[in-house]
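In: sequence? don't have it. structure:
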């Protein structure tokens with residue numbers, strides 16, 4: 001082989017070596033860039049998940065606050081209703097005591113004993129009207145919280 005051929009082979013080997021070194025360097029640069037992109041993508045994914053979990057926690061707290069507010073309003077409403085019903089019951093007991101003159105105690109259970117109370121003797125003006133309904137029974141029927149009549153007419 002002549003010197004020119006060796007030069008051509010050497011130049012060809014040099015070109016091939018330069019191509020291989022260039023390809024390896026390009027491969028390393030691409031690997032570095034791709035790794036950087038993957039790291040950026042992983043960071044963005046983690047940020048997105050963090051934002052989603054924070055949003056869900058805020059929504060859950062808001063729902064819990066709504067539920068707590070509703071429970072508090074319901075408790076206040078129940079207390080008000082219980083107080084009103086107790087006042088009405090107390091007023092009915094007082095009215096029954098006033099009308100009947102019986103010794104009905106609010107500590108006793110509310111049983112038909114209250115109905116057994118007899119009204120005081122009517123005044124003279126009522127005696128003149130014998131067909132007028134019994135006031136005690138009428139008051140018990142009108143003031144009773146039950147839909148059924150307390151006494152039979």
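Out: Perfect, I can see it now. Bear in mind that the values here come from a model prediction, so they are computed numbers and not experimental data.
In: which other helices and strands does the strand or helix carrying residue 66 contact?
Out: In this structure, residue 66 is located in helix 3-100 according to DSSP states H and E. Using 3 or more Cβ pairs under 8 Å, 6 or more residues apart in numbering; DSSP states H and E as the contact criterion, the secondary-structure elements in contact with helix 3-100 are helix 113-116, helix 135-143. Where you see a C-beta, it was placed from the backbone N, CA and C, and this is true even at glycine.
In: and those, which one is worst for confidence?
Out: Mean pLDDT across these is lowest at helix 113-116; the value there is a mean of 50.
In: any idea how far residue 9 is from residue 57?
Out: Residue 57 is 71 Å from residue 9, where distance means Cβ to Cβ, to the nearest Å.
In: one more: residue 88?
Out: In this view, residue 88 and residue 9 are 116 Å apart by Cβ to Cβ.
In: then residue 24?
Out: Taking Cβ to Cβ as the criterion, residue 24 is separated from residue 9 by 22 Å.
In: do residue 19 as well
Out: Distance, residue 19 to residue 9, by Cβ to Cβ: 15 Å.
In: equivalent analysis for residue 80, please.
Out: Distance check for residue 80 against residue 9: by Cβ to Cβ, it reads 105 Å.
In: which positions within stretch 75-87 qualify as buried?
Out: Of the residues in stretch 75-87, none is buried under the neighbour-count criterion (16 or more other Cβ atoms under 10 Å).
In: report pLDDT for residue 7.
Out: The confidence metric pLDDT takes the value 85 at residue 7.
In: near it, how many other residues are there?
Out: The burial metric for residue 7, expressed as a neighbour count using other Cβ atoms under 10 Å, is 10.
In: now do residue 66
Out: Using other Cβ under 10 Å, residue 66 has 10 neighbouring residues.
In: same thing with residue 97?
Out: Residue 97 has 16 neighbouring residues, counting by other Cβ under 10 Å.
In: that one and residue 56, how far apart?
Out: 61 Å.
In: tell me the pLDDT of residue 149.
Out: Among the per-residue scores, residue 149 shows a pLDDT of 59.
In: my bad, residue 80
Out: Turning to residue 80, the model gives it a pLDDT of 91.
In: and for residue 89?
Out: Per the predicted model, pLDDT is 88 at residue 89.
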